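Asker: Need a 3D model of the following:
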Amino acid sequence: MSGDHSPTPAPAGGHPPPRLPPLAVAPLAAYVAWLAARAAPSLGFDFRGRTLLALMLAGAAAAIGAAGVFEFRRARTTVNPLQPGRASALVTGGIYRHTRNPMYVAVATLLLAWALWLGNALAPLGTVLFVAWIDRLQIPPEERALETLFGAEFERYRSEVRRWL
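Answerer: Residues are numbered from 1 along each chain as shown. This is a model prediction of the structure:
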């Protein structure tokens with residue numbers, strides 16, 4: 001990654017990527033989950049193995065996220081979601097054969113683990129809000145930048161691999 005932190009210009013006909021990085025959206029979503037759980041304690045739940053399942057989901061999230069970062073580092077391209085126009089390679093190997101956005105899948109999985117940890121039926125609201133934000137505001141500008149940079153290669157990849165899972 002470059003030391004220059006200037007924003008990526010908007011592609012023609014598109015909007016610039018959000019200025020709020022996904023790793024800032026995630027704690028906000030976690031806070032919403034916590035607030036939702038606190039607001040409706042009567043919707044709390046518990047079951048045997050809930051804590052273990054939450055920890056297993058968190059571990060899966062860490063593995064998925066690490067696999068995504070590993071592939072970006074191996075390709076020597078930027079992992080900065082605020083500057084998708086600086087991508088130097090289209091990463092399609094490893095975990096990217098299964099999802100175009102493993103790092104976002106990892107964060108969503110971690111938020112699900114948090115919701116399970118909180119043990120409240122309203123807690124997944126944070127995950128839903130995170131996914132909606134990323135899917136509607138973050139990913140489209142990233143995909144426009146990749147389409148501009150990699151053209152038909154990206155179009156082929158997009159047609160073969162799902163955005164999420």
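
Asker: Skipping adjacent residues, who's closest to I64 in space?
Answerer: Setting aside the residues directly before and after it, I64 is nearest to A106 in space (Cβ to Cβ, 6 or more residues apart in numbering), at 4.1 Å. (Each C-beta comes from the backbone N, C-alpha and C, glycine too.)

Asker: gap between that neighbour and R48?
Answerer: For A106, the distance to R48 (Cβ to Cβ, to the nearest Å) stands at 27 Å.

Asker: before we move on, what about W114?
Answerer: 20 Å.

Asker: So those two - more neighbours on which side?
Answerer: A count of neighbours by other Cβ atoms under 10 Å puts W114 above the other of W114 and R48, at 23 against 7.

Asker: which SS state does that one fall under?
Answerer: helix (DSSP: H, G, I helix; E, B strand; the rest coil).

Asker: In terms of pLDDT, where does it sit?
Answerer: On the pLDDT scale, W114 is placed at 98.

Asker: I'd like the distance between the residue lying closest to it once chain neighbours are set aside and A108.
Answerer: Of all residues not flanking W114 in the chain, A30 sits nearest, at 5.4 Å (Cβ to Cβ, 6+ apart). Distance, A30 to A108, using Cβ to Cβ: 11 Å.

Asker: for M56, same thing?
Answerer: 15 Å.

Asker: Looking at those two, which one has more neighbours?
Answerer: Neighbour count, other Cβ under 10 Å: between M56 and A108, A108 has more, with 24 against 13.

Asker: Point me to the helix or strand that includes R156.
Answerer: Using DSSP states H and E, R156 sits in helix 139-160.

Asker: May I see the buried residues of that helix?
Answerer: I139, P141, E142, E143, R144, A145, L146, E147, L149, F150, F154, Y157 (16 or more other Cβ atoms under 10 Å).

Asker: cool, stretch 87-103 as well?
Answerer: In stretch 87-103, the ones that count as buried by 16+ other Cβ under 10 Å are A87, L90, V91, T92, I95, Y96, T99, R100, N101, P102, M103.

Asker: Would you agree L129 is in contact with A30?
Answerer: No: using Cβ atoms under 8 Å, L129 is not in contact with A30, being 10.2 Å away.

Asker: Between these two, which is the more surrounded one?
Answerer: Shown here are L129 and A30; by other Cβ under 10 Å, A30 has more neighbours (20 against 17).
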